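> got a predicted structure here, sequence first:
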Amino acid sequence: MKRHKKRNTKTNTNVSVSSKECRGNVERMIRRFSKKVKKERIIEEVKDRRFFKKRSVAKKEKQQRARRLKRKEEQKRNRKK
């Protein structure tokens with residue numbers, strides 16, 4: 001009998017912004033909160049989990065995302081020179 005391994009998934013991701021961080025500025029709080037949510041990839045994960053995705057498709061998308069990020073980092077390095 002085969003046992004399935006649990007996939008590594010992020011759980012209990014709490015994102016918060018305090019009023020002290022933003023000196024009471026509501027607009028700054030909203031911007032900072034949205035940046036934190038994007039960085040943690042919360043919205044993206046919810047969209048991904050909405051429908052079932054085959055493992056091969058998920059793997060291919062992950063590879064494409066990695067290539068895109070790598071290319072973006074190279075462009076940043078080249079600009080600084």
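On my side now, so go ahead. Remember, predicted model here, so these are calculated numbers, not experimental data.

> poorly predicted segments of the protein, please.
Scanning the chain for pLDDT under 70 picks out the ranges 1-13, 81.

> show me where it has its strands.
Remark: strands of the chain are absent; assignment by DSSP state E.

> ok, longest helix in it?
When every helix of the chain is counted residue by residue (DSSP state H), the longest turns out to be helix 55-80.

> now that helix: how far from the chain's centre is it?
Using Cα atoms, centre = their mean, to the nearest Å, the mean C-alpha position of helix 55-80 is found 13 Å from that of the whole chain.

> could I get the buried residue list for it?
Of the residues in helix 55-80, none is buried under the neighbour-count criterion (16 or more other Cβ atoms under 10 Å). Using the backbone N, CA and C atoms, a C-beta is placed for each residue, glycine as well.

> likewise for stretch 16-30?
For stretch 16-30, using 16+ other Cβ under 10 Å, the buried residues are 17, 22, 29.

> got a list of contacts for stretch 24-32?
Contacts with stretch 24-32, where a contact means Cβ atoms under 8 Å, 6 or more residues apart in numbering, come from 17, 19, 21, 22.

> need the contact list for the second one.
Listed by Cβ under 8 Å, 6+ apart, the contact set of residue 19 reads residue 29.

> hmm, try it at 6 Å
When contacts are counted by Cβ atoms under 6 Å, 6 or more residues apart in numbering, residue 19 is found next to no other residue.

> and it, what are its phi and psi?
Backbone torsions of residue 19, given as degrees, to the nearest 10, read phi -70, psi -20.

> next, count neighbours for residue 40.
Other residues near residue 40 come to 14 when the count uses other Cβ atoms under 10 Å.

> any idea how far it lies from residue 31?
Counting by Cβ to Cβ, to the nearest Å, the separation of residue 40 from residue 31 is 15 Å.

> just residue 72 next, same as before
In this structure, residue 72 lies at 22 Å from residue 31, with Cβ to Cβ as the measure.

> which residue is nearest the centroid of this structure?
Ranked by distance to the mean C-alpha position of the chain (Cα atoms, centre = their mean), the top residue is residue 41 at 2.3 Å.
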